[in-house]
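A.B. asks: sequence first, predicted coordinates after that:
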Amino acid sequence: MLKPKSGTATQFDAALGLGSNMGDKAKNIDRAVALLTSDGRVKLVARSRDYRSAPWGIAEQDWFVNACVTVQTDLSARDLLKRCQDVENVMGRERKQKWGPRLIDVDILTYRDQVISEPDLTVPHPLIAERGFVLIPLMEIAPEIVLKGQSLQGLVEAIDARDVVAMENEGWRK
């Protein structure tokens, strides 16, 4: 388990990133979290606020809502990946275009202290250090995470994350 600094959040096994840019984006993320935790094998430890961000990869699409969660689980990294993909499938995600519009995306960002490099599973997530829409919500709930020898704060300072904004205004929820 990743162990936070003393006096901070509870221990967790994995950090997950969630994103949506179709339909009611915030509700899609809420539903994905509920589905992930529905049978008790994945237990929610902490959830970030929702953040609004510009599309990444393909600019000509609607803006995203992103959030991160930390979870405790007895599932292996491979089984957790399957669980994340099952949630995406149940919710109706269609994989038509890399980095294209999506109803829901659930990514494993970290899994315990493991480094995994397999064709369909890379942990820590290979693009985590480039994505403000992941780093900022993750820093909110797990600031103690260190990736490639750098703190999340240091990684955020190294990129342009001005387009990642906490969604305090409920009018942004749609």
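C.D. replies: Noted; the coordinates are in hand.

A.B. asks: what is the helix or strand containing Arg83 packed up against?
C.D. replies: Assigned by DSSP states H and E, Arg83 falls within helix 77-90. On a contact count with 3 or more CB pairs under 8 Å, 6 or more residues apart in numbering; DSSP states H and E, helix 77-90 meets strand 14-20, helix 25-36, strand 105-111, strand 121-123. Quick note: C-beta positions are derived from backbone N, CA and C, even for glycine.

A.B. asks: show residues contacting the first one.
C.D. replies: The contact list for strand 14-20 (CB atoms under 8 Å, 6 or more residues apart in numbering) reads 2, 26, 28-29, 32-33, 36, 64-71, 73, 77, 80, 84, 102-112, 125, 128, 133-134, 137-138, 141-142, 145.

A.B. asks: return the distance of it from the chain's centre.
C.D. replies: Distance of strand 14-20 from its chain centroid, counting by CA atoms, centre = their mean, to the nearest Å, is 2 Å.

A.B. asks: the inter-axis angle of that strand versus helix 77-90?
C.D. replies: On the basis of axes from the mean of the first three to the mean of the last three CA atoms, to 10 degrees, strand 14-20 is oriented at 20 degrees to helix 77-90.

A.B. asks: for this structure, what's the longest strand?
C.D. replies: strand 64-73 (DSSP state E).

A.B. asks: pull up the pairing partners for that strand, direction included.
C.D. replies: When pairs are called by DSSP bridges, strand 64-73 turns out to pair with strand 14-20 (antiparallel), strand 42-47 (antiparallel), strand 51-53 (antiparallel).

A.B. asks: which of those strands sits most buried?
C.D. replies: Mean neighbour count (mean count of other CB atoms under 10 Å) peaks for strand 14-20 among those, with a mean of 26.

A.B. asks: the lowest-mean-pLDDT helix or strand in the chain packs against which elements?
C.D. replies: Least confident helix or strand of the chain, by mean pLDDT, DSSP states H and E, is strand 165-166 with a mean of 74. The helices and strands touching strand 165-166, judged by 3+ CB pairs under 8 Å, 6+ apart, are strand 51-53.

A.B. asks: if I look at Val69, how far off is Asp50?
C.D. replies: Distance, Val69 to Asp50, by CB to CB, to the nearest Å: 12 Å.

A.B. asks: out of the two, which sits in the busier spot?
C.D. replies: Val69 (27 against 22; other CB atoms under 10 Å).

A.B. asks: settle this for me: that one is touching Ala34, isn't it.
C.D. replies: No. In this structure, Val69 is not within contact of Ala34 by CB atoms under 8 Å, at 11.2 Å.
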